[in-house]
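Asks: Just need the structure, nothing else, for what follows:
(3 chains)
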Amino acid sequence: MNILNLLIFVPLLAATAILLGTSARRTALGASVLNLILSLIALSQYQPGGDRFQFLSVATILPDLDLKYFVGADGLSLLMILLTAIVTLAAVWVSPRVERMEKQFYACVLFIAAGAMGAFASLDLFFFYAFHELALIPTFLMIGIWGSGDRHAAAWKITIYLAVGSFILLVGLIGLYLAVPETQRTFDLTKLMLPGMVKNISASAHWIYPILLTGFGILISLFPFHTWAPDAYASAPAPVAMLHAGVLKKFGLYGLLRVALPLMPDAAREWSDLLLVLLVGNVLYVGLATIAQKRLDLMLGYSSVMHMGYIFLGIASFNFIGLSGAALLMFAHGLAIAALFALTGQLRDRTGTVRFSELGGLAKPAPVLGFLFALAAFASIGLPGFANFSSEILVLFGAFGAQVSKLVPVSGNPIAPPPTFTHFQVATVCALWGVVISAVYMLRGFRAVFLGELDKRWAKIPDLARTIRWPVILLLATLMLGGFIPRFFLKFVQPTFEIFAPR
Amino acid sequence: MFSPISLEAAVVVLGLFLLLFEAFSTEPDKSRIAWLGIAGLGTILVLSFFTQAPENAAWMRFYTADPLAMFFKRFALVTTIIVLVMALEYRGVVTKFIFGVSPQSGLGEFFALPVLTCAGLMWMASAIDFTLIFVSVELVTISFYVLVAYMRRNTASLEAGVKYLILGALSTGFFVYGITWIFGVTGETNLDLIAAAIPHLEGSKVPLLFGFMLVIVALGFKIAAAPFQLWVPDVYQGAPTPITAFLSVGSKAAGFVVLIRLVNTFMDVPLVREKVVGTMFVLAALTLIYGNLAALPQTNLKRLLAYSSIAHAGYLLVAAASFGATGARDAIAFYLAGYLLMTLLTFLVMIVVANRTGGDDIAHFAGLSRRSPWLAFAMLVAMASLAGIPFTVGFFGKFFVFVAAYKQHQYLLIGIGLITVASGFYYYLKVVRAMYWDAPADDSRIHAQPFTNAIIATLVALIFVLGVYPRPIFDLLKVKPLMTKFALR
Amino acid sequence: MLKDYLPVLIQALVALGFAVGTLVVSVLLGRSARRNAMKDSAYECGMIPQGEAQPRFSVKFYLVAMLFILFDVEVVFMYPWALNYRDSLREHGPMIFWSMFSFIGIVTVGYVYALKKGVLEWKN
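Replies: Numbering: from 1, shown residues only, chains lettered A, B, ... in the order given. Below is the predicted model of the structure:
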């Protein structure tokens, strides 16, 4: 059995088994541990120097349209699969005791995980899209049933927003499918990536690319389509927030790296100015909005939107360094935000509130919780020693050195670059301020919750349970591994970008 | 091997037999009639796979047995079988509103008439001549006049019956008038002969198009396309629920087969073609917008499904407006097959739940996930499929429709579709919200009959299987064609 | 070609003109007479009207009338059938016989059904 198929079907089968009556938490935990082991096996079997896509498995669905179930992975997909496996395990592990409809709860978590796995492993545009949508209904149910605060409004908002976003994405993908001559039409990404096909697509790429960018952008919460994200994350139960902010949001970015850039490189350069403006909006506008938040969960929601700006910067730079940084940052951000949401969920279970004004001094009764939260916050800010730091550095270097598309000579004599800053350099300088902003809000948030005067109400709250520490430690340890030895992860993703990105 | 026309003959004989059985038998329990009907139709469904059209027969001028026709014959049979299953679950409500000498008197025809309607639907699938089209449409419509008003002590059902009768008669008038114009211009009633005659017509094409438009108006009533949809909400809400399901699936599908054949007839002449596509475009845009936006504020599930039925007619019309693209015809057939599965599943669950909760408002579904996780899950699947979520058959349906529209550069329709799909998510998920978010009125469990449960399970499984692997439907549409020279090209 | 439909148009105009004309004439001529209670009462052969204007009939009358129309129409179908019977038999074989046979068969089933349901029983 193909290992990628196993990765997709283990959670699906586990979810079905739970609905049919097996012990919910035990099955879910078993399935996610198994998945983590499987993804590590896949990572160890992957040969960076070998074929571009490995672990291939095909089943034809519609030969007329050349639509098939086709999975395969390169280093980039494997890194995302590893991220999914780790975050899923952590999400299942830290779930509090579910009081009602326990079966549906764990089944929903596993469905979301299976969808993410499938999307990252698919090499067929149709299934790439379809697997991502698998998360839609479970998310709707989970936020609505087990969420907190204004959960109903948040559930509607995220569902409608994502439905519209994914439909726009679908329109773009169909456009991509129809962009090539009738006899060569295919949903097969490996065929579409062939140079002849890319040339075919380039004729209509200038309007397909913006559609895809809008569609993916809504899924990623690109400014100004970000308003669904903070509310949804704030109201969602911790596992959903972890999976959504940590993994599902990366689907859009992965889509840009996997589909949009390699198939439409010229259009991507053509539209990079627009992307630069929007991503500065993500970093600065959303960053300032984050500082203004008065609740921990909303602050984290906004911060996760803000950090998307850096990843977009790496993608917009469209060079080897920037893209490698973006891929590593996707991984790092997924782990860091998952850890933060997990700890926030624990905090909410203890205090029942996450308002800064009501909290304070919690590091005294709950030192471990405070310590782990501090580490996760440092990672999120991008302090050296965590993968976020190494990847942000790569992104900023990559973007600063990026070529402006209009200066790349198509034919004829090269044009001398102007003496002033290019758009990329301006955007990079703006984005640098984001580091300061994120330090401000994260440290302020930490101080408001864990330092200062302790309210009497919270004097007796229990510290993080021994068993719950391990998933958070797993997330943080992986982040440190990426911080001290970035090469360990970069060597997987770099062959992907060597093919289409200039050094 | 049988001749395909013997299928309809068998259905008619079965229907007449059931009527006589009901008249002569002294058995007080009428459910036996439904079981006989289900068994008989099931047998005919199996036999339909062993048909062989003769090389040349006189009736081929009126009747074709091409794959499309065979597909929709089976479609009608499956629909009727499931409608009979629903009618069995629903009989308690019907007996409340008709009373006679014994508790179940007058119930027998409720099970026998759908069988006769089925014969009409099957003829519509095969009709390629305006005379047969008209007669079969009337057979279907007149049976529905009776069925819609069946609960004669229920004012809502009577109101629905009167509205359906008046508007149905009106549309019949349009239909006949249109046919006479087309006949007057071309001198033919056979669709292929009409298609052959159009290029040789002298003078203005206006009378021909006028006739075409009149026929489209009449078909617009049948398929519930805006602006001919006004009857739909009241009739759907008032009619007995199994009949509502039958109307929204059987009647609509048969209407679309006729529409496919008709549009196909007028497609080949450039001047006429433009007008036909334009008409379809306007119908599709209006139907999409009206159906989806009007569905948003509904609080009654039956009424919601009425608007959703209009909305789905809109998506089907998008495919009709994209005729000429390869696969547009198959897209309609596939969409309808998916629509059958998900709509009948919804109605089936709705009947079971409404029997226990006493009504079909969305509020009556509150907390269903705790009263019956299985039925709630089935409803969730149906709603997800109706909304068009991947890995359900509804998504593939919309996918094929939009691919076809893309190929014909109907970008405006795709843009409208973008809005309507989003609003569809909202109103279908409203039902999911009630089932999963809200607290139940009481905690008693809800169960369905074992046979009903089996049908529900089959429909759920088919929605998933066809949502991942849609090939079987296309294979059915491609079966070695039994083409005659009059059949669809 | 549309010219052929001119008579239809003329007929439609005449029909419309007649209807409008009579209405207009009755208004013009009728204005001279004054209305009174006696004039407005229903006219019933010089008798004083009594009872309701819309008495309830037993549904049986309608059923009988409907059955009559059904069988009447059937006979109308049979007339052209009988005229063409011999020619068609020679050209197309016995199909013409069987088609009418099945038609009458279906109508007969309907008749038997109606009988059995007690449509023609007047006692209850």
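
Asks: Disregarding residues adjacent in the polypeptide, which is nearest to the residue of chain C found nearest chain B?
Replies: Closest to chain B within chain C is residue C:116: 3.8 Å, counting by CB to the nearest CB. The C-beta positions use only the backbone N, C-alpha and C, and glycine is treated the same way. Closest residue to residue C:116 apart from its sequence neighbours, by CB to CB, 6 or more residues apart in numbering or on different chains: residue B:23 at 3.8 Å.

Asks: what sits against that neighbour?
Replies: Taking CB atoms under 8 Å, 6 or more residues apart in numbering or on different chains, we find residue B:23 in contact with C:112, C:113, C:116, C:117.

Asks: Would you agree residue A:245 is in contact with residue A:230?
Replies: No: Residue A:245 is beyond contact range of residue A:230, at 10.0 Å (criterion: CB atoms under 8 Å).

Asks: from the chain's centre, how far out does the helix or strand harbouring residue A:106 sit?
Replies: Assigned by DSSP states H and E, residue A:106 belongs to helix A:102-121. The gap between where helix A:102-121 is centred and where its chain is centred comes out at 15 Å by CA atoms, centre = their mean, to the nearest Å.

Asks: Show me what it is packed against.
Replies: Contacts defined by 3 or more CB pairs under 8 Å, 6 or more residues apart in numbering or on different chains; DSSP states H and E place helix A:102-121 against helix A:3-20, helix A:24-45, strand A:67-73, helix A:75-94, helix A:125-133, helix A:136-146, helix A:238-243, helix A:249-255.

Asks: residue boundaries of the helices in the stretch 301-450 of chain B?
Replies: B:301-321, B:328-357, B:368-371, B:373-387, B:393-407, B:411-436, B:450-468 (DSSP state H, counting those that start in this stretch).

Asks: Dump these into a markdown table; add mean pLDDT as well.
Replies: What follows is the helices of the stretch 301-450 of chain B, written out as a markdown table (pLDDT from 0 to 100):
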| stretch | mean pLDDT |
| --- | --- |
| helix B:301-321 | 93 |
| helix B:328-357 | 92 |
| helix B:368-371 | 88 |
| helix B:373-387 | 93 |
| helix B:393-407 | 91 |
| helix B:411-436 | 91 |
| helix B:450-468 | 93 |
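
Asks: Distance-wise, check residue A:186 relative to residue B:397.
Replies: 22 Å (CB to CB, to the nearest Å).

Asks: what residues are up against residue B:16?
Replies: C:106, C:109.

Asks: Which single one of the contacts of residue B:23 is nearest to residue A:190?
Replies: Closest to residue A:190 out of the contacts of residue B:23 is residue C:113 (66.5 Å), distances taken as CB to CB.

Asks: for whichever residue of the stretch 201-350 of chain B sits closest to chain C, phi and psi?
Replies: Here the residue of the stretch 201-350 of chain B nearest chain C is residue B:203; by CB to the nearest CB that distance is 5.7 Å. Phi and psi for residue B:203, reported as degrees, to the nearest 10, are phi 80, psi -160.

Asks: same thing with the one 10 residues further on?
Replies: Comment: the main-chain dihedrals of residue B:213 come out as phi -60, psi -40, following degrees, to the nearest 10.

Asks: same check, this time on residue B:51
Replies: Per degrees, to the nearest 10, the backbone of residue B:51 is at phi -100, psi 160.

Asks: Confidence-wise, which helix or strand of chain C is lowest on average?
Replies: helix C:37-40 (a mean of 74; mean pLDDT, DSSP states H and E).

Asks: and that one, how far out from the chain's middle?
Replies: Centroid separation for helix C:37-40 versus its chain: 33 Å, with CA atoms, centre = their mean.

Asks: Could the C-alpha coordinates of it be exported in PDB?
Replies: In PDB, the C-alpha atoms belonging to helix C:37-40 read as follows (Å, rounded to 0.1, in the frame of the first residue of the first chain):
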ATOM      1  CA  ALA C  37     -86.000  46.600  -7.700                       C
ATOM      2  CA  MET C  38     -88.300  44.700  -9.800                       C
ATOM      3  CA  LYS C  39     -86.100  45.100 -12.800                       C
ATOM      4  CA  ASP C  40     -83.000  43.900 -11.000                       C
END
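
Asks: What count of nearby residues applies to residue A:9?
Replies: The local packing of residue A:9 (other CB atoms under 10 Å in any protein chain shown) involves 16 other residues.
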